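Chemist: Okay, here's the prediction I keep looking at, along with the sequence it came from:
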Amino acid sequence: MSNATIDPPRPANGQRLELLAKLLRRALDQAAPGPEALNSAEKFLRVSRADNITFEQLAAYLADEPQADEPDPPACRVIAPAGKYAGMTLAEIAVENLAYIAWMSREWKDRNMRDAADTVLQFFTGGDR
């Protein structure tokens with residue numbers, strides 16, 4: 001038997017628990033496309049392990065969480081006017097290729113589209129890029 005001590009879990013940050021709840025919801029959503037669900041599940045594991053968040057902490061947070069879903073920001077409904085994903089909403093693009101939304105938020109010439117893409121990126125990543 002080893003004498004090594006195990007560090008106790010750090011107290012969970014409320015914002016991280018909120019992000020984990022959002023990722024878990026998306027991973028389990030039957031309407032979510034497979035790649036989006038898988039991406040959300042993988043990120044859920046990375047964040048929870050990196051932050052040492054336990055099942056008990058997440059369960060307690062979920063038990064206290066209001067059941068109403070957070071509405072999508074209006075930027076999710078903005079339609080890309082040109083480019084590879086012309087005609088698709090920013091939310092549809094984010095589901096298919098979140099890296100493209102990140103690129104749009106940095107490189108798109110129109111400032112309003114950059115801001116909309118940044119809002120969508122923040123929404124889909126929980127502010128954790």
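Modeler: Structure received. Numbers count the residues shown, from 1 in each chain.

Chemist: From the chain's centroid, how far away is the helix or strand hosting residue 119?
Modeler: Counting by DSSP states H and E, the element that carries residue 119 is helix 111-125. Counting by C-alpha atoms, centre = their mean, to the nearest Å, helix 111-125 is centred 13 Å from the centre of its parent chain.

Chemist: what packs against that helix?
Modeler: On a contact count with 3 or more C-beta pairs under 8 Å, 6 or more residues apart in numbering; DSSP states H and E, helix 111-125 meets helix 90-96, helix 98-107. In this view, the C-beta of every residue, glycine as well, is placed from N, C-alpha and C.

Chemist: elements contacting the helix or strand harbouring residue 39?
Modeler: Secondary structure from DSSP H and E places residue 39 in helix 34-50. Counting contacts by 3+ C-beta pairs under 8 Å, 6+ apart, helix 34-50 packs against helix 14-28, helix 90-96.

Chemist: Mind telling me which of those helices the model trusts least?
Modeler: Lowest mean pLDDT of the helices and strands packed on helix 34-50: helix 14-28, a mean of 85.

Chemist: so where's the chain shaky on pLDDT?
Modeler: Applying pLDDT under 70 to the chain flags the ranges 1-12, 65-71, 127-129.

Chemist: can you list the domain ranges for it.
Modeler: As assigned by automatic domain parsing, the chain contains the domains 14-64, 74-125.

Chemist: out of those domains, deepest packed?
Modeler: Highest mean neighbour count among the domains of the chain (mean count of other C-beta atoms under 10 Å): domain 74-125, with a mean of 17.

Chemist: I'd like to know how far residue 100 sits from residue 90.
Modeler: 10 Å (C-beta to C-beta, to the nearest Å).

Chemist: and if you look at residue 20?
Modeler: 24 Å.

Chemist: next one: residue 72
Modeler: 10 Å.

Chemist: Ok, residue 78 next?
Modeler: For residue 78 relative to residue 90 (C-beta to C-beta), the value is 5 Å.
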